[in-house]
Every structure is written in structure tokens, then in C-alpha cells.
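Undergrad: 3D, please:
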Amino acid sequence: MPFVLVTMYDKAEDLSIEFVKLKDGKHDLSFRVDETFFESLGSSEIQKADVHVAVEVDKNVNWMHVRLAISGSLTVDCHRCLVALPMDIITKYLLIVKLDSQEEATMDHEDEGVELIYLRPHEFTLSISQPVYETSLLALPMIRNCDEMDIKPCDEAMIQKLETLNSESATDEVVDPRWEKLKQLKNL
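TA: Predicted structure coming up:
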């Protein structure tokens, strides 16, 4: 059984793999990140985070496959009532790394969830902070509210205010007389 080290990382620059120290074959690594990691990369929407990143590195002489399995919880604002809402995330990502390459650009692979990276011969570490950051944020649902939750932590005062504003706007609608004339033409 391979040795797995779990370390908490706060800064993005700490989340890297020194692949030159790894022998050819498979290696398992484990990282944990919190909200300071997301803040260091510019995300202000993450209030709390407890994310586990399981990394499987399959290293060969000329390439590496780096599989990221990301799971945990990110706390964000509810889109409806702005209460802090913990959201569970589970996602996977694959990095294909070409070693000892003369290519300069980092290129995206055509498949979704796969990225192709070229490293120069003088590089000895691979930063996985950006893929972890982006993949974690993309794992969040587009609409963040408590509709799917058993216990709804909604801010009732905010919900009532939204309903009041919504009902006021529905009753205050003034219809432009030109639209009424167009509706009459449509019915002819």
C-alpha cells in the first residue's frame, strides 16, 4: 500500500507536485484546501471550504497522467435569500502532461475534463492549483438555492421582502396603449 500524505494547503503556490522526485509508475497523493486557497486565487464567493483532492500520478519517461478526484463542501451565498449555503461537490479531472517537450504553450485537449500540458526540460514541479480551483468552482450548480435540500436554511425575512416586491411590481404594471392596439391587430 503506497504512503499517502494529507496536508492542508492555504496558498495556491503550495499545491504542486515535484514530479522529478517520483519514480516511474503510479503514485497517490492527497491534499486538503480551505477557503484561503480560493481567496488566494481571487474567488470572493467562497465563504468556507473543506475540499479533499485525491491525486493519482501515473508517471512515465515522457509523460504523466494526473487524475484529480475532488470532493468536499463549499459554502456560498444562496441566489435567492443570500444565506450561507453549504454545497457538496464531487468531480474528476485529468491532466495529461508531456515531459521534456520543446512546446511552449499549454493547450487544452478536445475532451471535456481533460487538459494537455507541455512542460519544458528545466521544469521540475507541476502546479495543480489552477485545475483544482477551476474544477471545484465548476462543480457548483449554476443556480444555488436550497430547493433540493431537506432542511431549508432560508432567511425568511428576505423571502418575505422578495414576495412583497414581486407582488407590488405585478400590480403596478401600466400597459402601454400601443401594445393593446397591436394585440387587437393580432386577433384580426
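
Undergrad: Buried residues in whichever strand or helix holds L74, which are they?
TA: Take DSSP states H and E as the rule and L74 turns out to sit in strand 63-77. For strand 63-77, a neighbour-count test (16 or more other C-beta atoms under 10 Å) marks M64, V66, L68, I70, S71, G72, L74, V76 as buried. Every C-beta, even on glycine, is put in place using the N, C-alpha and C of the backbone.

Undergrad: Distance from that strand to the middle of the chain?
TA: How far strand 63-77 lies from its chain's middle: 8 Å, per C-alpha atoms, centre = their mean, to the nearest Å.

Undergrad: what ranges do the strands span in the protein?
TA: Secondary structure of the chain, counting by DSSP state E: strands at 6-9, 16-17, 25-34, 48-59, 63-77, 84-98, 107-108, 114-118, 126-127.

Undergrad: Which of those strands sits closest to W179?
TA: W179 lies closest to strand 63-77 among the strands of the chain, at 36.9 Å (C-beta to C-beta).

Undergrad: who does that closest one pair up with?
TA: The pairing partners recorded for strand 63-77 under DSSP bridges are strand 48-59 (antiparallel), strand 84-98 (antiparallel).

Undergrad: Go through these and pick out the most buried.
TA: With neighbours defined as mean count of other C-beta atoms under 10 Å, the strands paired with strand 63-77 peak in mean count at strand 48-59, which reaches a mean of 18.

Undergrad: what is the orientation angle of that strand with strand 25-34?
TA: For strand 48-59 against strand 25-34, the angle by axes from the mean of the first three to the mean of the last three C-alpha atoms, to 10 degrees is 170 degrees.

Undergrad: and strand 48-59, what's its mean pLDDT?
TA: Throughout strand 48-59, pLDDT has a mean value of 95.

Undergrad: how deep is P141 tucked in, by neighbour count?
TA: The local packing count at P141 equals 12, with neighbours defined by other C-beta atoms under 10 Å.

Undergrad: ok now do it, which residues does it touch?
TA: Each residue near P141 by C-beta atoms under 8 Å, 6 or more residues apart in numbering is listed here: M87.

Undergrad: ok so, going back, quick one, which of the strands paired with strand 63-77 is nearest to V132?
TA: So among the strands paired with strand 63-77, strand 48-59 is nearest, using C-beta to C-beta, at 5.5 Å.

Undergrad: how far does the closest one sit from the chain's center?
TA: With C-alpha atoms, centre = their mean as the basis, strand 48-59 stands 13 Å off its chain's centre.
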